[in-house]
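Novice: the following comprises the amino acid sequence and a computationally predicted model.
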Amino acid sequence: MRGNLLIKRVSNTLIFFTFFTLFTLSCQREVDSELDKGEERLKDRPTPVEVQTIDRGSISSTVKAVSIMRAKERASVRSLISGLIKELYVEEGDVVHAQQKLARLTRPGAKSLIQKAMSAYKKSRRDVTRLSSLIKRGLAPKEDLDQAKFTRDQNGLELTRLRQEAKSEQLTSPIDGVVVKRLAYRGEVLSPGQLVYEVMDLSIVYAPLQLPDRWVSQVNKGMSARIYDRAGRLLTDQAEVSHVSPIIDADTGTFTVWVSPSAGKDKNKLSDRESAPPLPALKPGLFVSVEITLDKKEDALLVSRDAVIYRDGEPLIAQVSDQRVKMRRVKLGYEERDRVEVLSPLQLGDQVITFGQRGLEEGALVRPIDPIPSSLSAEPEETTERFKR
């Protein structure tokens, strides 16, 4: 009796678990079916992207480098003698001209030394005259006259030296320019060779560049250039290559190029003795980025740099045709700031994706949002640039 009851309970349990398993599998199939339908609906839903129309415009091939502005003319004013600074006539920022007095030194006892040397020189001249007269009358040997002439010449050299030192008491500027440093003070005792002032001609500045030797056949004197500050703001677009070194540094594999502002450099010359002109934006010591224009195309197919992506090292552009994506392998030309030249296979008027193309596959459905009107044919606004040495 008890055995039959146990068998009945086990049978009921098996039946319950069988129906439960079948019910669970049925529910899972319905869930999977709904997920598959959801995925299908998601596949049919277009991906929002930003697009741009390929247009024509001008673009340049450039080489970029960084540098520090320098003054072409500069001078260090040093004391040639020992002395006490009596007067300082100029300060930092003052405009000076060639041969203008900057400072005056004083040397106690210098005048008495000159007077003593003058007296000795005059006496030696009189001795030479007297001995010459005696020799003509046979009253003195010729050796005495030779010794007197030697003494006269030595006294003359000493007098010349003392007079030259007296002239060195006045420190003058060797060039036209602006005082950029004063390194001595009134009442200070100077030693020979001590630096007192630094003077620079701020009207003529340049940016020295060290370019790789692969550019040596492409960079020539007179090429136009642009100069930017550290933040990428344009300082001047009126610059040019003013000097190209005729040699290549074998140790670094680079050659030297100077880029100088080409507009307005004459009007900044220091011709007014009374007041200084406004200091130019391009000052010596300023960190700058320089962009030299090597070549320019006027009628190139242009697209935003944002439209170009790379897969396996090859450039791709996602073209939109009938709201579907076509991944096109492209050949690129010149690159300038935020613009890129497309050589093939895209054509004028094609629409390409500039944002949202990453992750899209061939044939994906897309929906353009807020299309950006093409303005690549116009000169682009100056934007922050990244420059490479």
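Specialist: Looks like it arrived, so ask away.

Novice: show me the shaky parts of the stretch 51-200 of the chain.
Specialist: The stretch 51-200 of the chain contains no residues with pLDDT under 70.

Novice: my error: substitute the stretch 251-389 of the chain in the last question.
Specialist: Using pLDDT under 70, the stretch 251-389 of the chain drops low at 263-280, 370-389.

Novice: which parts of it are strands?
Specialist: 254-261, 287-304, 308-311, 314-321, 324-329, 331-336, 339-344, 351-355, 366-368 (DSSP state E, counting those that start in this stretch).

Novice: so what strands line up beside the third one?
Specialist: With DSSP bridges as the test, strand 308-311 is paired with strand 314-321 (antiparallel).

Novice: got the angle between the strand it pairs with and strand 351-355?
Specialist: Taking axes from the mean of the first three to the mean of the last three C-alpha atoms, to 10 degrees, one finds that strand 314-321 is oriented at 120 degrees with respect to strand 351-355.

Novice: strand 314-321 vs strand 324-329, what angle?
Specialist: Angle between the axes of strand 314-321 and strand 324-329 is 150 degrees (criterion: the same axes, to 10 degrees).

Novice: what's strand 314-321 in contact with?
Specialist: Residues outside strand 314-321 that contact it (C-beta atoms under 8 Å, 6 or more residues apart in numbering): 49, 51, 303, 307-310, 325-332, 342, 346, 350-353, 357, 360, 366, 368. All C-beta spots, glycine's among them, are computed from the backbone N, C-alpha and C.

Novice: and stretch 97-106, by the same measure?
Specialist: Stretch 97-106 has contacts (C-beta under 8 Å, 6+ apart) with 77, 79, 81, 83-90, 96, 168-176, 179, 184, 190, 196-197, 270, 273.

Novice: can you pull out the helices in this structure?
Specialist: 2-44, 110-136, 142-167 (DSSP state H).

Novice: so for the first one, mean pLDDT?
Specialist: Taken as a whole, helix 2-44 carries a mean pLDDT of 56.

Novice: could you pick out the buried ones from the contacts of stretch 97-106?
Specialist: Neighbour counting by 16 or more other C-beta atoms under 10 Å classes 77, 79, 81, 83, 85, 88, 90, 96, 168-169, 171, 173, 175-176, 179, 184, 190, 196-197, 270 among the contacts of stretch 97-106 as buried.

Novice: which of the residues you listed fall within strands?
Specialist: If you go by DSSP state E, those have 77, 83, 85, 88, 96, 171, 179, 190, 196-197 in strands.

Novice: and those residues, which is closest to L159?
Specialist: Distances from L159 to these, taken as C-beta to C-beta, are shortest for G83 (19.2 Å).

Novice: OK, contacts around the closest one?
Specialist: 105-107, 169, 189-190.

Novice: picking up where we left off before, and V244, which of the strands of the stretch 251-389 of the chain is closest to it?
Specialist: strand 254-261 (5.5 Å).

Novice: re the thing from before, pick out the most distant pair among the contacts of G83.
Specialist: It's E169 and V189 that sit farthest apart of the contacts of G83, by C-beta to C-beta, at 13.4 Å.

Novice: beta partners of T172?
Specialist: T172 has these beta-bridge partners by DSSP bridges: K101.

Novice: OK, contacts around G187?
Specialist: For G187, the contact set (C-beta under 8 Å, 6+ apart) comprises 84-85.

Novice: how near is it to K101?
Specialist: Distance of G187 to K101, given as C-beta to C-beta, to the nearest Å: 18 Å.

Novice: contacts for stretch 325-335?
Specialist: For stretch 325-335, contacts defined as C-beta under 8 Å, 6+ apart pick out 59-61, 295, 297, 300, 305, 308, 314-320, 340-346, 353, 357, 360-366.

Novice: domain-wise, how is the protein divided?
Specialist: 47-60+297-368, 64-72+204-295, 74-107+169-200, 112-163 (automatic domain parsing).

Novice: hmm, back to that, quick one: which of the ones in strands among the buried ones among the contacts of stretch 97-106 is nearest V288?
Specialist: V179 (23.7 Å).

Novice: hmm, the closest one is touching V196, no?
Specialist: No: V179 is not in contact with V196 according to C-beta atoms under 8 Å; the separation is 10.3 Å.

Novice: bridged to the closest residue to P212 other than its chain neighbours, which residues?
Specialist: Counting by C-beta to C-beta, 6 or more residues apart in numbering, T254 is the residue found nearest to P212 once chain neighbours are left out, at 5.9 Å. Beta-bridge partners for T254, by DSSP bridges, are P212, D249.

Novice: before we move on, the earlier item: just the buried residues out of the contacts of stretch 325-335, in PyMOL syntax.
Specialist: Per 16+ other C-beta under 10 Å, the buried members of these correspond to this PyMOL selection:
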select buried, resi 59+60+61+297+300+308+315+316+317+318+319+320+340+341+342+346+353+357+360+364+366
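
Novice: what lies in contact with stretch 222-230?
Specialist: For stretch 222-230, using C-beta under 8 Å, 6+ apart, the contacting residues are 207, 234-237, 239-241, 259, 261-262, 282, 286-294, 382, 385, 387.

Novice: of these, buried ones?
Specialist: For those, buried by 16+ other C-beta under 10 Å: 207, 235-237, 239-241, 259, 261-262, 282, 286, 288-293, 385.

Novice: how close does A184 sit to Q194?
Specialist: Applying C-beta to C-beta, the value for A184 to Q194 is 7 Å.

Novice: ok, Q218 - contacts?
Specialist: Taking C-beta under 8 Å, 6+ apart, one finds 63, 294 in contact with Q218.

Novice: again, 10 Å this time
Specialist: 61, 63, 211, 292, 294-295 (C-beta atoms under 10 Å, 6 or more residues apart in numbering).
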